[in-house]
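Asker: Sequence and computational prediction follow.
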Amino acid sequence: MNEKNSGSVNGVLMAAVVGAAVGAGIALILAPCSGKETRAWMTQKGRDIKDRTANAFEQSKESMRRTATDLGRDAQAVATTLRG
């Protein structure tokens, strides 16, 4: 990636982070729940997201393992065919 694209990507990422922080701050200010309830809700949502992310990661890892195994098997079959 050249320097021009890298700077542009960094700028977009920084804008996204700042936007998310501002949005979260506004949401907390306007939240209809107490601080304690909001923290409990955020904790639970954080755990849910962590669990879903871990599950998706494990599924992706297993899918990649199966694909690698299949590719290896196919490559061996092609090599055997070419030798024979």
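Answerer: Structure received. Numbering: from 1, shown residues only.
Asker: quick one: low-confidence parts of the protein?
Answerer: Within the chain, the set of residues satisfying pLDDT under 70 comprises 1-7.
Asker: can you map out the helices along it?
Answerer: For the chain, the helices defined by DSSP state H occupy 3-30, 35-83.
Asker: Could you chop the protein up by domain?
Answerer: Structural domains annotated on the chain: 1-30, 34-84, as defined by automatic domain parsing.
Asker: mind putting those domains in CSV, mean neighbour count included?
Answerer: For the C-beta atoms, the positions are set from N, CA and C on the backbone; glycine is no exception. Output for those, formatted as CSV (neighbours: other CB atoms under 10 Å):
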stretch, mean neighbour count
domain 1-30, 10
domain 34-84, 10
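Asker: any idea which residue sits dead centre in this structure?
Answerer: residue 53 (6.9 Å; CA atoms, centre = their mean).
Asker: Now residue 38: closest residue in space that isn't a chain neighbour?
Answerer: Residue nearest to residue 38 in three dimensions, not counting chain neighbours: residue 31, with 5.2 Å by CB to CB, 6 or more residues apart in numbering.
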